[in-house]
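>>> pasting the sequence and the predicted coordinates here, then a few questions.
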Amino acid sequence: MTGAAALAVPMRPMAVRRYFGLFGTYLAPQWPRALLLGVLVLGGVGLQLVGPQLVRGLIDAARAGREPWVLTETALLFLAAAVAQQVIAVGTGYVGADVGWTATKRLRTDLLAHCLSLDLVFHSARTPGEMIERVDTDVATLANFFSQLGIRLLSSVLLLGGVLVLLYREDWRLGLGFTTFAAVALAALRRVPAAAASRWRQVRQLGAELFGSVGEYLSGIEDLRRCGAVGYALRRFFELSRTLMRTDRAANMAGSLLWIAPIGVFAAGHALALALGGYLLGAGAITLGTVFLVFSYAELLRRPIDQINAQLQDLQRAAASIVRVDELLHTTSAIQDGAGRLLPPGPLSVELDRVTFSYPGADRGKPVLRDVSFRLEPGQVLGLLGRTGSGKTTIGRLLFRFYDAALGSVRVGGVDVRDVRVVDLRTRIGLVTQEVQLFHASVRDNLTFFDCGIPDGLIEGALRALGLEEWLRALPHGLDTVLPPGGGGLSAGQAQLLAFARVFLQDPDLIILDEASSRLDPATERRLDEAIERLLAGRTAIVIAHRLATIERADQILVLEDGRVAAAGTLEELLPDCQELRALMNFDDQRMTAHTAG
Ligand SMILES: Nc1ncnc2c1ncn2[C@@H]1O[C@H](COP(=O)(O)OP(=O)(O)OP(=O)(O)O)[C@@H](O)[C@H]1O
Ligand SMILES: [Mg+2]
C-alpha cells in the first residue's frame, strides 16, 4: 500500500462519520472517564512543553545573576513537572485501557448478538472464520485503537502543534523554520518504509526464480547434457545470481535507511535549532535561555515526527476495521419481526397455501418447493415423506421462519407467520433436526439452552420420561457433567433423545421432528418410539419420518416429490396405490399384507 493511498481512507467523509458514530455510541456512556482521559492527555503534553520553558527561565535567571532561591525554586518546579509527567503517563495508560476495553467489550457483545440475530441467508453466505475475524480480530484492532493508538496519535499531534505554536510565540522565524522542517521531515520519513518494502519484495521474487531454475536444471540434467546446454544454464544462473545480489544490496541499503533516515533528519533538526538560535541570539532577538529552549523543542519534535506516520498507518488499519464492523452492525436481517399478532393458545394448526420457495442465491433460484398446499388440524400428526432433497426439511425451516416463502403463505394457528413476532413464533414451535448440536457445556445447560430458570426437577422429569434415567445416574456429576466438545461420547440415539428432552422442556404447541435416517439398534428404536409417543401427545406435529413406526402414528401423510406434493391422505388411503410411498417406506410385501389385514 502506498503512503498516499493509505492515508486517504481515514479522511473520507463516510469513514469519518462512521468513526464518530461508533465513538458516540461506545464512548458516550463513559463520558466522565473519556473526559478525564482527554484532560490527562492534554496535561501530559502540556507538562512536556513546560519543562524546557523552566530550564530557559533557569538559564536566563542565572545569567542575569538573580538570587539563588529563584534558581532553586525553578529547579524544584522542573523536578515536580518531571514527576507529574510520569504520573500522568501512567494514569493515561490506565484510563485509556479502561475506557478502550469497556467500549470494545460492549461493541463485541453487540456485534455477537447482532450476528446471532441475522438470518440464515446471511450466515450461509459467510464462513464461520469470516465471522470470527469480524467479531474478534477487527474488534481487537479497534480495542487497540480505542485504548492506545487514538491517545498516542492525539498526543503526537498535540505535541507537534504545541511546539510549533510556542516557537511562533518566541519568534516568527523560529515558527516558520520548524513548521517547514516538520513538514519536510514527515514527508521524507513517510517514503522510506515503502521503498524498502518494494525492494525486499523484488529480492524474494528473484530468489524464488533462482531456486526455481536450479531445481529445473537439476531435474532436467540429462537433457541439458545431451543437447550441450550446460554452459547456457550456468550463464543463466550467473546472471540471475548477479541480479539477486544487486537487488539484495539495494534492499539492504534501503533497509538501513529505515534507521539512518530518522537520525539524519533529526540531526538536521538540531542543526537548524542551533543555526537559527545562534543567528537570532546574535541579532539580539532572543536570550541564551531561549536558544536552549529551541534546541529542546527540536528534540521534543523527534517523537511525534518519528511516530505520526506509523500511527497514521495503524489508523488506516483501524479505519478498515471500523468500516467492516459498522457495515456488519448495519446489516439487517431479511427476517423481520411481524406486527405482533398473537397465536391462539393450545395445539396450533398448520397451513401452507400455494407455497413456492427457493434458497436465495442457490442454483440460479431453482424452486425447492413448488406450489405446496396442505392443512393440518390442531393436535394432528402429519407424516412427511419424500426422497432425499425433495424439500422436507425446507418446509420445517419455513414454519420456523428461518426463511420466508417467495410466493404463497405459511400460516400457524391461522396466522401468517410473517405477522407474528419471530420470538413468539419460535417459542411455540419445537424443532428437532437431523443433526443434534450439543455444546461443550453441562448436561443441564445443554438441555435448558442456558436458561437457569428451569428447575432441576423438571429436567430430571424430562429425562425420566425419555427413559434416560439410567444414563443420568451413570454420569459422574449428574446434570453438572460437562459434555465433551461436539457432543462426543454420546451415541446417535442418545443425542437424539437429548434433543427430545430439550423440546420437552420447551413444551411447544407444534413440533417439527426431522427424524434422523441413520439406523439405530432395536432397543434404542423402541425407546425413541416411546419418547416420540410422549412428545407428540396433545400437540400438533410434523414428522419427517423414515421409520414405519412413526409413519403409522401419523393422522395424515404427505408425499413430496421434487418440491411438489405427490400424494396426500391417510396411510390407509395411500398405501394400496401410492408406489412412491411404498418405495420410500421400503415396505416388504409381508409387512404390508399384515398392515392392510390388521
Ligand atoms: N441452505 C441451503 N441453501 C441452498 N440450497 C439448499 C439449502 N438447503 C437445502 N437446499 C436444497 O434444497 C433442496 C431440498 O432440501 P431439503 O433439505 O429440504 O431436502 P430433504 O427433503 O429434507 O432431504 P433429506 O431427506 O436428505 O433430508 C435440495 O435440493 C437441497 O440441495
Ligand atoms: Mg432433510
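Arrived safely. Ligands and ions are numbered 1, 2, ... in the order given.
>>> next, the closest residue to residue 484 other than its chain neighbours: phi, psi?
Spatially, and ignoring its direct neighbours in sequence, residue 484 is nearest to residue 440 (6.8 Å; Cβ to Cβ, 6 or more residues apart in numbering). (C-beta placed from N, C-alpha, C; glycine too.) Its backbone dihedrals place residue 440 at phi -80, psi 80, with angles given as degrees, to the nearest 10.
>>> near ligand 1, which residues of the stretch 301-450 of the chain are found?
359, 362, 368, 386, 388, 389, 390, 391, 392, 393, 394 (Cβ under 6 Å from any ligand atom).
>>> report the two of those separated the most.
Based on Cβ to Cβ, the longest span within these runs between 362 and 386 and measures 18.6 Å.
>>> with neighbour numbers in mind, choose between the two.
Here residue 362 and residue 386 are compared on neighbour count by other Cβ atoms under 10 Å; more neighbours surround residue 386, at 23 against 11.
>>> give me the beta-bridge partners of the more buried one?
Residues found in beta-bridge contact with residue 386 (criterion: DSSP bridges) are residue 560.
>>> give me the element the residue of the chain most remote from its centre is part of.
In the chain, the residue that sits farthest from the middle, by Cα atoms, centre = their mean, is residue 65; the gap is 66.2 Å. Using DSSP states H and E, residue 65 maps to neither a helix nor a strand.
>>> torsion angles phi and psi at it?
Residue 65 has phi and psi values of phi 70, psi 40 when expressed as degrees, to the nearest 10.
>>> the longest helix in this protein is where?
Looking only at the chain and at elements set by DSSP state H, the helix with the highest residue count is helix 230-282.
>>> tell me the first helix or strand C-terminal of it.
Using DSSP H and E, the helix or strand that follows helix 230-282 in sequence is helix 288-300.
>>> any idea how far residue 56 is from residue 191?
Computed with Cβ to Cβ, to the nearest Å, the distance linking residue 56 and residue 191 is 35 Å.
>>> hmm, I was thinking of residue 360
Spatial separation of residue 360 from residue 191 under the definition Cβ to Cβ is 47 Å.
>>> same question for residue 149.
As judged by Cβ to Cβ, residue 149 and residue 191 stand 22 Å apart.
>>> kindly report the same for residue 125.
40 Å.
>>> more crowded one of the two?
Using other Cβ under 10 Å as the criterion, residue 125 and residue 191 rank with residue 191 on top: 15 against 10.
>>> residue 50 against residue 81, yeah?
Yes: if you go by Cβ atoms under 8 Å, residue 50 and residue 81 touch, sitting 5.4 Å apart.
>>> helices along the stretch 401-550 of the chain, start to end?
Remark: helices of the stretch 401-550 of the chain, listed N- to C-terminal, are 422-428, 443-448, 456-465, 469-474, 492-506, 522-536, 548-553; assignment by DSSP state H, counting those that start in this stretch.
>>> can I get these in TSV including distance to residue 513 and mean pLDDT?
Compiled in TSV, the helices of the stretch 401-550 of the chain are given as follows (distance: least, Cβ to Cβ, whole Å; pLDDT from 0 to 100):
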stretch	distance to residue 513	mean pLDDT
helix 422-428	15	91
helix 443-448	17	89
helix 456-465	16	88
helix 469-474	21	87
helix 492-506	8	85
helix 522-536	7	80
helix 548-553	8	78
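>>> for these, could you give me a markdown table that also reports mean neighbour count?
Compiled in a markdown table, the helices of the stretch 401-550 of the chain are given as follows (neighbours: other Cβ atoms under 10 Å):
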| stretch | mean neighbour count |
| --- | --- |
| helix 422-428 | 17 |
| helix 443-448 | 21 |
| helix 456-465 | 16 |
| helix 469-474 | 12 |
| helix 492-506 | 21 |
| helix 522-536 | 17 |
| helix 548-553 | 16 |
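>>> can you name the residue of the stretch 101-250 of the chain nearest to ligand 1?
Among all residues of the stretch 101-250 of the chain, residue 124 sits closest to ligand 1, at 5.2 Å; criterion: Cβ to the nearest ligand atom.
>>> what is the burial count for that residue?
If you count neighbours by other Cβ under 10 Å, residue 124 ends up with 12.
>>> give me the next element, helix or strand, following the helix-or-strand element of the chain with minimal mean pLDDT.
Lowest by mean pLDDT, DSSP states H and E among the helices and strands of the chain is helix 3-8, with a mean of 38. Where DSSP H and E defines the elements, the next helix or strand beyond helix 3-8 is helix 13-27.
>>> for that following helix, C-alpha coordinates in CSV please.
These are the backbone C-alpha positions of helix 13-27, laid out as CSV (Å, rounded to 0.1, in the frame of the first residue of the first chain):
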residue,chain,number,x,y,z
PRO,A,13,-16.3,11.7,4.9
MET,A,14,-18.1,8.3,5.1
ALA,A,15,-15.4,6.9,7.3
VAL,A,16,-15.2,10.0,9.4
ARG,A,17,-19.0,9.8,10.0
ARG,A,18,-18.6,6.2,11.0
TYR,A,19,-15.8,7.0,13.4
PHE,A,20,-17.9,9.5,15.2
GLY,A,21,-21.0,7.3,15.1
LEU,A,22,-19.0,4.4,16.7
PHE,A,23,-17.3,6.7,19.2
GLY,A,24,-20.6,8.3,20.1
THR,A,25,-22.2,5.0,20.7
TYR,A,26,-19.5,3.4,22.7
LEU,A,27,-17.7,6.3,24.4
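>>> over to the single nearest residue of the stretch 401-550 of the chain relative to ligand 1: give its phi and psi.
Ranking the residues of the stretch 401-550 of the chain by distance to ligand 1 (Cβ to the nearest ligand atom) places residue 434 first, at 6.2 Å. Here is the backbone geometry of residue 434 (degrees, to the nearest 10): phi -70, psi -40.
>>> how close does it sit to residue 275?
Computed as Cβ to Cβ, the residue 434 to residue 275 distance reads 81 Å.
>>> show me where this structure has its strands.
Counting by DSSP state E, the chain forms strands over residues 350-357, 369-376, 381-386, 407-412, 415-416, 429-432, 510-514, 540-544, 556-561, 564-569, given from the N-terminal end onward.
>>> quick one: neighbours of the closest residue to ligand 1 within the stretch 201-350 of the chain, just the number.
Residue nearest to ligand 1 within the stretch 201-350 of the chain (Cβ to the nearest ligand atom): residue 334, separated by 13.3 Å. As a burial measure, the neighbour count of residue 334 was computed by other Cβ under 10 Å and equals 13.
>>> check what pLDDT it gets.
According to the per-residue confidence, residue 334 scores 81 in pLDDT.
>>> before we move on, what about residue 586?
Predicted confidence (pLDDT) for residue 586: 63.
>>> same check on the one 4 residues further on?
Here the pLDDT value assigned to residue 590 is 49.
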